[in-house]
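> need a structure here:
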Amino acid sequence: MCGRYASGRAPSDLVEEFEIEAGNVRESVEELGENYNVAPTNQVVAVVERKNREVPDETIRKLTTVKWGLVPSWAKDTSIGNRLINARMETVAEKPAFKKAFQTRRCILPADGYYEWYTAEEKVNGKPVKQPYFIHPPDGSILSMAGLYEIWRDKSVEDPDSDDAWLWTCTVLTTSATDDLGRIHDRMPLLVERERYDAWLDPLSSDPDELLDLLVPAAPGRLEAYAVSKAVSSVKNNGRHLLDPLPPDGVDPLDKPQAPEETTLF
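Below is the predicted model of the structure:
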């Protein structure tokens, strides 16, 4: 699965990478800011492509924000989103919760990289030790995760023209992890390569077989992983320091005893 990732790119970098016109960036993107511990239910940046209402055969690419945890349009309430943070590639074209979105509402979720937890055989106080790893492109390029988005009508808001009447949500597509990353976790997010952005985002394309052919797991060597502090395990912690690799001695700063504060005598 993919349950945590880092998103620290400036909107200007994303506009350039995904060829988005400046006027098609929602204000909420600028307001969101960096997040190095993105978790389900957070607002996240997404690249979407929508049909042009004035010219039916044309589309408009936008940079917007959505809530992580897909809420299908037919859902009675938003609670289902807590369970739909990932969609498996193997069943995404068939599952009722994802089928419609897969046909017409696909997106890209830009990231610096994502976190996974390796469960070690050793135990502490009878519980398995879980070591977090940060997995990312070693060349520093943007990790373009394949996603789906939905738009849910909040009927408690009477005015359909109000922004509050519509909830935009998303999910991350996953597949079996490649051999070099499978040692950490058996699932990983699907990626959209740059030359396939247009085809993946196109809302006028809906053939499931063609769409699935666009998605590929990361090729061996495309991503690298290194151990990071267990501080990332708490959503209360945030900041670029979460991406720092563990020191050469392998000791997590969280596990080091804290030196007592010095007391000055007057």
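
> now stretch 123-137, how far from the centre of its chain.
20 Å (Cα atoms, centre = their mean, to the nearest Å).

> so where do the helices sit in the chain?
Assigned by DSSP state H, the chain shows helices spanning 11-17, 27-32, 99-104, 179-182, 197-201, 208-214.

> local confidence estimate at the closest residue to His136 other than its chain neighbours?
Closest residue to His136 apart from its sequence neighbours, by Cβ to Cβ, 6 or more residues apart in numbering: Gly113 at 2.8 Å. For every residue, glycine as well, the C-beta is placed using N, CA and C. At Gly113, the pLDDT value in this model is 97.

> which residues touch Gly113?
Residues near Gly113 by Cβ atoms under 8 Å, 6 or more residues apart in numbering: 5-6, 134-137, 143, 223, 243.

> and these, which two are furthest apart?
Leu223 and Leu243 (14.2 Å; Cβ to Cβ).

> in the stretch 101-250 of the chain, which ranges drop under the pLDDT threshold?
The stretch 101-250 of the chain contains residues with pLDDT under 70 at 179-180.

> which residues does Leu167 contact?
With Cβ under 8 Å, 6+ apart, Leu167 has these contacts: 67, 71, 78, 151-152, 154.

> would you check how far apart it and Val44 are?
14 Å (Cβ to Cβ, to the nearest Å).

> which neighbours do those two have in common?
Joint contacts of Leu167 and Val44 (Cβ under 8 Å, 6+ apart) are Lys67.

> quick one: which of the contacts of Gly113 sit in strands?
5-6, 134-136, 143 (DSSP state E).

> compare the residues you listed and tell me which has the most neighbours.
Among those, Tyr5 has the most neighbours (other Cβ atoms under 10 Å), with 28 neighbours.

> my guess is that one meets Ala111, correct?
Yes - the criterion here is Cβ atoms under 8 Å, and Tyr5 meets it with Ala111 at 4.6 Å.

> what's the overlap in contacts for the two?
By Cβ under 8 Å, 6+ apart, the residues touching both Tyr5 and Ala111 are 38, 143, 145.

> what bridges to the last one?
Which is Met145. Beta-bridge partners for Met145, by DSSP bridges, are Leu109, Leu191.

> distance of it relative to Met188?
10 Å.

> same thing with the second one?
Distance of Leu143 to Met188, computed by Cβ to Cβ: 11 Å.

> what is in contact with these two at once?
Joint contacts of Leu143 and Met188 (Cβ under 8 Å, 6+ apart) are Tyr114.

> so which residue is dead centre in the protein?
The centre of the chain sits closest to Leu109, judged by Cα atoms, centre = their mean, with a distance of 5.4 Å.

> show me what contacts that residue?
Contacts of Leu109 by Cβ under 8 Å, 6+ apart are 44-47, 144-147, 170, 172.

> closest one to Val29 out of these, please.
Closest to Val29, out of all of the contacts of Leu109 and judged by Cβ to Cβ, is Val45, at 5.7 Å.

> got the contact list for the closest one?
7, 9, 11, 14, 29, 32, 63-65, 109-110.

> any idea how far the nearest residue to Val129 once chain neighbours are set aside is from Glu54?
Computed as Cβ to Cβ, 6+ apart, the closest residue to Val129 that is not its neighbour in sequence is Ala120, at 4.4 Å. Per Cβ to Cβ, Ala120 is found 57 Å from Glu54.
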